[in-house]
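Engineer: Show me the folded form of this:
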Amino acid sequence: MDPAIEVPDFLSFEKTYDFRKKHLVTALWDDKITGCGAVTIDGKVAWLSRIYVHTGFRKKGIGTGIMQRLTEIALDSGTETIELWSDTRFTNAHRLYQRFGFTQSGRERVLPDDPNDTVEYHFFRNL
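Structural biologist: This next block holds a predicted model:
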């Protein structure tokens, strides 16, 4: 993975994120960042993104905690829908989203600059 290509926003938070609209959540385990996620408030829609859990810390409830906090932020902002895109390969994440009431819409996309050339599925949850 090349962070400059795949997660350039992680390398320049202040330039990338408007913290009045976008919130970044991090999960800690023994003072180590083990996961993260972001929510962007765009009118009546909250977009979730950057939901990751370090491979060595999966199946410990970290993803659930991140999703709970992101959902709380979305609810508190007054949005009507939460949406996200997820790589087709992240099947464990898809099950997590479904446990949180998300539905796969059937829409798919390919990002033009994705170095992995992967397809993403669209998920949504009406509040």
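Engineer: now for the longest strand seen in the chain, which elements pack on it?
Structural biologist: The strand spanning the most residues in the chain, taking DSSP state E as the definition, is strand 32-42. In terms of contacts (3 or more CB pairs under 8 Å, 6 or more residues apart in numbering; DSSP states H and E), strand 32-42 is packed against strand 22-29, strand 45-53, helix 62-76. No exception for glycine: its C-beta is placed from N, CA and C like everyone else's.
Engineer: Give me the below-cutoff pLDDT ranges for the chain.
Structural biologist: Scanning the chain with the threshold set as pLDDT under 70 gives 1, 19.
Engineer: quick revisit: mean neighbour count, the helices and strands packed on strand 32-42: which tops it?
Structural biologist: Between the helices and strands packed on strand 32-42, strand 45-53 has the highest mean count of neighbours, a mean of 20, where neighbours are mean count of other CB atoms under 10 Å.
Engineer: Partner strands of that one, with direction?
Structural biologist: strand 32-42 (antiparallel), strand 81-87 (parallel) (DSSP bridges).
Engineer: Arg95: which of these is closest?
Structural biologist: Using CB to CB as the measure, strand 81-87 is the one of the strands paired with strand 45-53 that comes nearest Arg95, at 10.9 Å.
Engineer: Show me what whichever helix or strand comes after that closest one is packed up against.
Structural biologist: Toward the C-terminus, strand 81-87 is succeeded by helix 91-99 as the next helix or strand (DSSP states H and E). Secondary structure elements in contact with helix 91-99, counted by 3+ CB pairs under 8 Å, 6+ apart, are helix 62-76, strand 81-87, strand 119-126.
Engineer: Those into CSV, with extra columns for distance to Tyr17?
Structural biologist: Rendered in CSV, the data for the helices and strands packed on helix 91-99 read as follows (distance: least, CB to CB, whole Å):
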stretch, distance to Tyr17
helix 62-76, 14
strand 81-87, 17
strand 119-126, 21
